[in-house]
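Colleague: Would you be able to build a 3D model of this:
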Amino acid sequence: MHGQYRVILFAILLFALVAAVVRSTLTGAQERPASQPAARVTAPRQLVGASSCAASVCHGGSEIGKPLSEATTWRALDPHARAYDTLLTPASLAMTKRLLGDKTYAHETPLCLKCHVHPEYDHARPNFRKADGVGCESCHGSAQDWLTPHYRGDWKQADKKAFGLADTKSLPIRAAICARCHVGTPAANVDHDLIAAGHPALRFEFATYLANLPPHWDVAKDKSRHRDGNGVVHFEASAWTIGQIVSTRHALELLAHRADPASAKPWPEFAELDCFACHHHLQSPTWRQKKAHVGARRPGGVAWSSWYFTSGPKFDDVRPSAKTRAGLAKKARIAAERLRVASHQSGQVHRDLSGLELSAATTEPPTWEHAVQNYLALLASRQFKRDNNRVDEKHERLIARRRQEITLEPGFLSPRRFVPKLLENPGLPSPD
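Modeller: Sure thing, here's the model as predicted:
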């Protein structure tokens, strides 16, 4: 009997010792200030999944569009929440079969999942669901380290970047996060093979995409952070100009990768070209044969896409002057680095948008891509005016005219009827 008591007493003491160790460990973890992130190993942070943010006491409230209901708003309204579902459609299944052959599926293909879920979708905790699509961590960063400390009282003083939380209040950072998928990276991009299989070509304009997203953030605070000393709100001008710079930088980085002989990619990569320079109505005579359109380019030579070199700040288009693949890759990398620096030095961006408005009123776009970028910039300019209680009927007429010029005919996916006004009126300056 005494032996039994000894065993019971030993078990109690052992349990108490274990409990004390566990309590000490937990207490130590809880008492570490949020400003001191735990020491990290070199492995990438793990994704924890959107469900970790969606509790009703966190970001899963019931009032769509309100604070503490961010996850609910995203799930109900944001198209990113249905990005994975797109991979299950007949069109996506047909696309992967054309590209990769039978017995391949878009929702199992890494190239698709890197953008329709997350670039590091395969580095996640077991409860991470690919079916959630492009979720919280795609924009805010892998939450392994910041999930717990971000709701503590001392979080505002923490070095959030050290925890892996992206500063989405910064427009350059926000635009770069979007461009990672909407422009592409060497690890995940839409090349001409994928376009030929049925994927839309990627033509990204940050300010327009942002304006069309159902916000789960405070738009008023966004605008207030871009109010100058005279009370003028420059948010739309900033978003447009910074978006142009960041998108062009990513396009140049992708161009450098594709052109580099070390990448072993086919060259020229047709996704870098103007789609409608080849895919257009064949007839003769046509405005495409006029010298004012061809310019210095050899007839039949490649026509580069002008999307990222149109109406924004005047970037150096390095492509026509390069003599070799390696030379082009080098020039593209140098230009991309200049733009990386420029994206954080755009204090006078509203002047660029004002200059664009003047340019739009006095010149005519030489290509359809030019015209579309011009139109989207005019929309940003309109919102800039509205934010500052300005009305401009002339501006509205210009927007209406440009919209009519770029609208595709019903049943067509190309600008079949677009003719540059430059070629209808020889008195206008040449695009070259």
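
Colleague: what's the closest non-adjacent residue to the most centrally placed residue in the chain?
Modeller: In the chain, the residue lying closest to the centroid (CA atoms, centre = their mean) is C178, at 1.7 Å. The shortest distance from C178 to any residue other than its chain neighbours is 6.0 Å, reached at F206 (CB to CB, 6 or more residues apart in numbering). For every residue, glycine as well, the C-beta is placed using N, CA and C.

Colleague: Model confidence at that neighbour, what's the number?
Modeller: The per-residue pLDDT reported for F206 equals 96.

Colleague: Kindly report the same for S414.
Modeller: In this prediction, S414 carries a pLDDT score of 86.

Colleague: quick one: contacts for it?
Modeller: When contacts are counted by CB atoms under 8 Å, 6 or more residues apart in numbering, S414 touches C275, F276, H279, H280, L408.

Colleague: count of neighbours near the residue nearest to C178?
Modeller: A count of nearby residues for F206, using other CB atoms under 10 Å, gives 26.

Colleague: any idea how far it lies from I195?
Modeller: According to CB to CB, to the nearest Å, F206 stands 21 Å off from I195.

Colleague: my guess is L147 contacts G49, does it?
Modeller: No. If you go by CB atoms under 8 Å, L147 and G49 don't touch, sitting 10.1 Å apart.

Colleague: Kindly list the main-chain dihedrals of F128?
Modeller: phi -70, psi 130 (degrees, to the nearest 10).

Colleague: Quick check: which ranges of the stretch 301-432 of the chain have low pLDDT?
Modeller: Counting by pLDDT under 70, the stretch 301-432 of the chain contains low-confidence residues at 311-316, 345-363, 422-432.

Colleague: how about the helices in it?
Modeller: Along the stretch 301-432 of the chain, counting by DSSP state H, counting those that start in this stretch, helices occupy 325-342, 349-362, 368-387, 393-406, 421-424.

Colleague: For A76, find the nearest of the ones you listed.
Modeller: Among those, the nearest to A76 by CB to CB is helix 368-387 (24.5 Å).

Colleague: Dump that closest one to PDB, restricted to CA.
Modeller: Output in PDB follows, covering the C-alpha atoms of helix 368-387 (Å, rounded to 0.1, in the frame of the first residue of the first chain):
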ATOM      1  CA  TRP A 368      -4.200  51.100 -79.400                       C
ATOM      2  CA  GLU A 369      -2.000  50.300 -76.300                       C
ATOM      3  CA  HIS A 370      -1.000  54.000 -76.100                       C
ATOM      4  CA  ALA A 371      -4.700  54.900 -76.400                       C
ATOM      5  CA  VAL A 372      -5.800  52.600 -73.600                       C
ATOM      6  CA  GLN A 373      -3.000  53.700 -71.200                       C
ATOM      7  CA  ASN A 374      -3.900  57.300 -72.000                       C
ATOM      8  CA  TYR A 375      -7.600  56.600 -71.200                       C
ATOM      9  CA  LEU A 376      -6.700  55.000 -67.900                       C
ATOM     10  CA  ALA A 377      -4.500  57.900 -66.900                       C
ATOM     11  CA  LEU A 378      -7.300  60.300 -67.700                       C
ATOM     12  CA  LEU A 379      -9.600  58.400 -65.400                       C
ATOM     13  CA  ALA A 380      -7.000  58.800 -62.600                       C
ATOM     14  CA  SER A 381      -6.800  62.500 -63.400                       C
ATOM     15  CA  ARG A 382     -10.600  62.700 -63.200                       C
ATOM     16  CA  GLN A 383     -10.600  61.100 -59.700                       C
ATOM     17  CA  PHE A 384      -7.900  63.500 -58.700                       C
ATOM     18  CA  LYS A 385     -10.100  66.400 -59.700                       C
ATOM     19  CA  ARG A 386     -13.100  64.900 -57.900                       C
ATOM     20  CA  ASP A 387     -11.100  64.400 -54.700                       C
END
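
Colleague: which parts of it are buried?
Modeller: Of the residues in helix 368-387, those buried by neighbour count under the rule 16 or more other CB atoms under 10 Å are 368-385, 387.

Colleague: can you list contacts of that helix?
Modeller: The list of residues contacting helix 368-387 from outside it, by CB under 8 Å, 6+ apart, reads 203, 205, 207-208, 211, 223, 233-237, 239-240, 274, 276, 305-307, 310-312, 350, 353-354, 356-357, 360, 365, 391-392, 395-396, 398-399, 402-403, 405-406, 415, 418.

Colleague: quick one, strands of this protein?
Modeller: For the chain, applying DSSP state E gives no strands.

Colleague: what number of residues lie near T148?
Modeller: Around T148 there are 13 other residues, counting by other CB under 10 Å.

Colleague: going forward, begin numbering at 809 instead of 1
Modeller: Right, with 809 as the first residue, what we last looked at is T956.

Colleague: State the phi and psi torsions of it.
Modeller: Main-chain dihedrals, T956, degrees, to the nearest 10: phi -70, psi -50.

Colleague: The residue nearest to C986 and G1051 touch, don't they?
Modeller: Yes. Because the distance of 2.7 Å satisfies CB under 8 Å, F1014 is recorded as touching G1051.

Colleague: Need the overlap of contacts for those two.
Modeller: Listed as contacting both F1014 and G1051 by CB under 8 Å, 6+ apart are A983.

Colleague: ranges for the helices of the stretch 809-958 of the chain?
Modeller: Secondary structure of the stretch 809-958 of the chain (DSSP H, counting those that start in this stretch): helices at 810-839, 878-885, 891-894, 898-908, 918-924, 944-948.

Colleague: Now tell me which of the ones you listed the model trusts least on average.
Modeller: Lowest mean pLDDT within the helices of the stretch 809-958 of the chain: helix 810-839, a mean of 42.

Colleague: Which residues outside stretch 998-1018 are in contact with it?
Modeller: 899, 902-904, 906-907, 919, 982-983, 986-987, 990-992, 997, 1044, 1047-1048, 1050-1052, 1054-1055, 1066, 1073, 1077-1079, 1083, 1115, 1177, 1180-1181, 1184, 1187-1188.

Colleague: ugh, wrong one, stretch 892-899
Modeller: Contacting residues not belonging to stretch 892-899 are listed as 900, 913-915, 920-921, 924-925, 938-942, 1006 [CB under 8 Å, 6+ apart].

Colleague: let's see it at 7 Å
Modeller: Here stretch 892-899 makes contact (CB atoms under 7 Å, 6 or more residues apart in numbering) with S900, A914, H915, C920, H924, V925, K938, A939, G941, G1006.

Colleague: mind saving the C-alpha coords of it as PDB?
Modeller: Backbone C-alpha positions of stretch 892-899 (Å, rounded to 0.1, in the frame of the first residue of the first chain) are rendered in PDB as follows:
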ATOM      1  CA  TYR A 892      -8.200  29.300 -57.400                       C
ATOM      2  CA  ASP A 893     -11.700  28.600 -58.600                       C
ATOM      3  CA  THR A 894     -10.700  30.000 -62.000                       C
ATOM      4  CA  LEU A 895      -8.300  27.100 -62.300                       C
ATOM      5  CA  LEU A 896     -11.200  24.600 -62.200                       C
ATOM      6  CA  THR A 897     -13.100  26.100 -65.100                       C
ATOM      7  CA  PRO A 898     -13.300  24.300 -68.500                       C
ATOM      8  CA  ALA A 899     -11.300  27.100 -70.100                       C
END
